[in-house]
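**Q** give me a model of this one.
(chains A and B)
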Amino acid sequence: MDKIDILPGDLLLRRVLFLHPNFIKPDGTPSSSSFRPKKGEDGLSVDVDRLTTYKKSIQSKARFRLYSLQSEFTSSLGLENHHDPLPDNPAHALIKGNISRGIAKKLAKTAKRINYPD
Amino acid sequence: MQVLNEPSALYGMQNATTDQVWHNFEPETSSIYLQRLNVFSDKIARLLQQLNGFRELLPDWDSYNAEAPSKKAINAAMRFIIECHHLALPFYFTSPGVDGEVMLEFQKGVKSAELYFLPDASTELVLFQEDEFVFEGRLPDHFDKMIQFFKD
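**A** As a prediction, the model looks like this:
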């Protein structure tokens, strides 16, 4: 699949564990640990909402819930959104930049829960 | 007694054990004694149980290639809770991180702190106010600051 431009208004989906362990705090926000890339990785993996379905993106309804970030919000933090299609996931994208502990907390606090499957 | 009245000094002792802390503690004379040390609140017991459960996580437990949580990090976080649960710290949440670290989160009103126990036995402390970054440093150097942050 050819790379596309991620536009303002695009939603970026991130899986968050809600069972074993539960990354969703009592106030409903996900832990900032869910929004930190692994050391050495090129960015934070997400799926572009308009290129996938919730069913495909969530992988396991039993283990994960989906949270969305608006592309213009990540851009406002100085991060860059890059479409990075994979053979088994054409919707894959990377949020690149310095995702410090503080930035990860902002991402987690701002992410909106997708009401799927419940 | 001296040990619990100077918690930052204690935490800097890499080889300090829970036994050493409890052996030296005299609750009747401590100025920061809040509750019976041998009883965990439900919240503290739940955090310890969750931390212990992290031992079962395998690599890629988050579907994004996370490392399995480091046993050293889990043990350090549990030891911290056991030694410090009676202090005036607003324990709130715990989660593993993608690089094998373990995070303890504290929250009181608009103030919060994230305390990371890393696989190499080092620590990172990050303080936030209204979700804005306030401070970052190592726990042994700034434990007093963390306690004062939530007291103010």
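**Q** going forward, measure contacts and count neighbours with C-alpha atoms only.
**A** Fine.
**Q** CA atoms only for the helix or strand where residue A:93 lies - export them in CSV, please.
**A** Assigned by DSSP states H and E, residue A:93 falls within strand A:92-96. C-alpha atoms of strand A:92-96 as CSV (Å, rounded to 0.1, in the frame of the first residue of the first chain):
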residue,chain,number,x,y,z
HIS,A,92,-0.1,1.3,10.8
ALA,A,93,1.4,4.6,11.5
LEU,A,94,4.1,6.0,13.8
ILE,A,95,3.9,9.0,16.1
LYS,A,96,7.5,10.2,16.0
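**Q** is that strand anywhere near chain B?
**A** No. Strand A:92-96 is not in contact with chain B by C-alpha under 8 Å from any C-alpha of the partner chain; minimum separation 11.8 Å.
**Q** ok, that strand: who's next to it in the sheet?
**A** Strand A:92-96 pairs in its sheet with strand A:44-48 (antiparallel), strand A:80-83 (antiparallel), by DSSP bridges.
**Q** and those strands, which is most packed in?
**A** Stretch with highest mean neighbour count among the strands paired with strand A:92-96: strand A:44-48 (a mean of 25; mean count of other C-alpha atoms under 10 Å in any protein chain shown).
**Q** give the rounded mean pLDDT of the helix or strand following that strand.
**A** Counting by DSSP H and E, the next helix or strand C-terminal to strand A:44-48 is helix A:54-58. Averaged across helix A:54-58, the pLDDT comes to 98.
**Q** do stretch B:120-140 as well
**A** For stretch B:120-140, the mean confidence score works out to 94.
**Q** and the residue located most distally from the centre of chain B, what element?
**A** In chain B, the residue that sits farthest from the middle, by C-alpha atoms, centre = their mean, is residue B:63; the gap is 26.5 Å. Using DSSP H and E, residue B:63 is not contained in any helix or strand.
**Q** ok, now which ones touch the residue nearest to residue A:108 when sequence neighbours are not counted?
**A** Closest residue in space to residue A:108, ignoring its immediate chain neighbours: residue A:32 at 5.1 Å, by C-alpha to C-alpha, 6 or more residues apart in numbering or on different chains. Counting by C-alpha atoms under 8 Å, 6 or more residues apart in numbering or on different chains, residue A:32 touches A:101, A:104-109.
**Q** go with 7 Å
**A** Counting by C-alpha atoms under 7 Å, 6 or more residues apart in numbering or on different chains, residue A:32 touches A:104-105, A:108.
**Q** ranges for the strands of chain B?
**A** B:91-96, B:102-108, B:111-117, B:123-129, B:132-137 (DSSP state E).
**Q** any idea which residue sits dead centre in the chain?
**A** By default, I'm working from chain A. residue A:14 (2.7 Å).
**Q** residue contacts, it?
**A** Contacts of residue A:14 by C-alpha under 7 Å, 6+ apart are A:46-47, A:66-68.
**Q** and which of those is nearest residue B:121?
**A** residue A:46 (30.4 Å; C-alpha to C-alpha).
**Q** for the closest one, give me its contacts.
**A** Counting by C-alpha under 7 Å, 6+ apart, residue A:46 has contacts A:12-14, A:92-94.
**Q** just the buried positions in stretch B:96-113, please.
**A** Residues B:96-107, B:111-113 are the ones in stretch B:96-113 that count as buried (16 or more other C-alpha atoms under 10 Å in any protein chain shown).
**Q** tell me which parts of chain B are close to chain A?
**A** Residues of chain B lying near chain A by C-alpha under 7 Å from any C-alpha of the partner chain: B:62, B:66, B:93, B:95, B:97-99, B:131, B:133.
**Q** residues near residue A:26, how many?
**A** Applying other C-alpha atoms under 10 Å in any protein chain shown, we find 9 residues neighbouring residue A:26.
**Q** for residue A:12, see how far away it is.
**A** 23 Å (C-alpha to C-alpha, to the nearest Å).
**Q** quick revisit: mind giving me CSV with the residues of chain B next to chain A and columns for distance to residue A:40?
**A** As requested, those are exported to CSV (distance: C-alpha to C-alpha, whole Å):
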residue, distance to residue A:40
B:62, 17
B:66, 12
B:93, 27
B:95, 21
B:97, 14
B:98, 11
B:99, 10
B:131, 26
B:133, 24
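**Q** since that was my last question, I'll sign off now.
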